[in-house]
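1. Here is a sequence together with a model predicted from it:
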Amino acid sequence: MDLEIYDETKDGVPEEHVQLVKDVLEYAGKYIKLKENTEMSVTFVNNDRIQEINREYRGVDRATDVISFAIEDSAEDDDFPIVMDDELAEEIPENIGDIFVSVDKVGEQAEYLEHSYERELGFLVVHGFLHLNGYDHMEPEDEKVMFKLQRDILDAYGLKR
């Protein structure tokens, strides 16, 4: 997976946390059998920035922990679809979207839930990652599927509660 990491925080994200995000997302990608040439990004922000994003895109004026922006690129909706053979189509990377994570919320929630910062960080990026891959928790059945997969990935990776 081609993963871009951006750090827009005030104090900077420690390299070990950046590496954890890279490793856990690579693991999650393999776990759900994501195509090797998938692209996505993770941006670390503080509460004030994620509150701006939440207000602008979701109409909710408060800080949140993670926001995912999935790129749902459907050829049927395209006015000018690109026609190519299957072999060429397989070579073109698929960008699935972007995740924004509030490092402030990671710390707050880890403390509240009484588990490690690393467990909360891994949980939030896997949660956002699953959203980028079409999983949701709006309906009880969908929630059951997504939350089980989330727990399975984190447990198998070694980030247990």
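-> Done, it's in.

2. immediately after the one helix or strand in the chain whose mean pLDDT sits lowest, which helix or strand?
-> One helix or strand of the chain scores below all others by mean pLDDT, DSSP states H and E: helix 86-91, with a mean of 67. Next along the chain after helix 86-91, taking DSSP states H and E as the criterion, comes strand 94-102.

3. neighbouring contacts of the helix or strand just after that next one?
-> Where DSSP H and E defines the elements, the next helix or strand beyond strand 94-102 is helix 103-113. Contact partners of helix 103-113, identified using C-beta atoms under 8 Å, 6 or more residues apart in numbering, comprise 9, 13, 44-47, 50, 63-66, 116-117, 119-121, 124, 161. The way it works is simple: take the backbone N, C-alpha and C, and place the C-beta from them, glycine included.

4. Please flag which of those residues sit within helices.
-> Among the contacts of helix 103-113, the ones falling in helices (DSSP state H) are 47, 50, 117, 119-121, 124.

5. Among the residues you listed, the buried ones, what's the PyMOL command?
-> Those of the ones in helices among the contacts of helix 103-113 that count as buried under 16 or more other C-beta atoms under 10 Å are selected in PyMOL with:
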select buried, resi 47+50+117+119+120+121+124
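
6. what's the closest of the ones in helices among the contacts of helix 103-113 to D98?
-> Using C-beta to C-beta, I50 is the member of these that lies nearest D98, at 12.6 Å.

7. does the residue lying closest to the closest one once chain neighbours are set aside have beta-bridge partners, and which?
-> Closest residue in space to I50, ignoring its immediate chain neighbours: S102 at 4.2 Å, by C-beta to C-beta, 6 or more residues apart in numbering. In this entry, S102 is beta-bridged to V45, by DSSP bridges.
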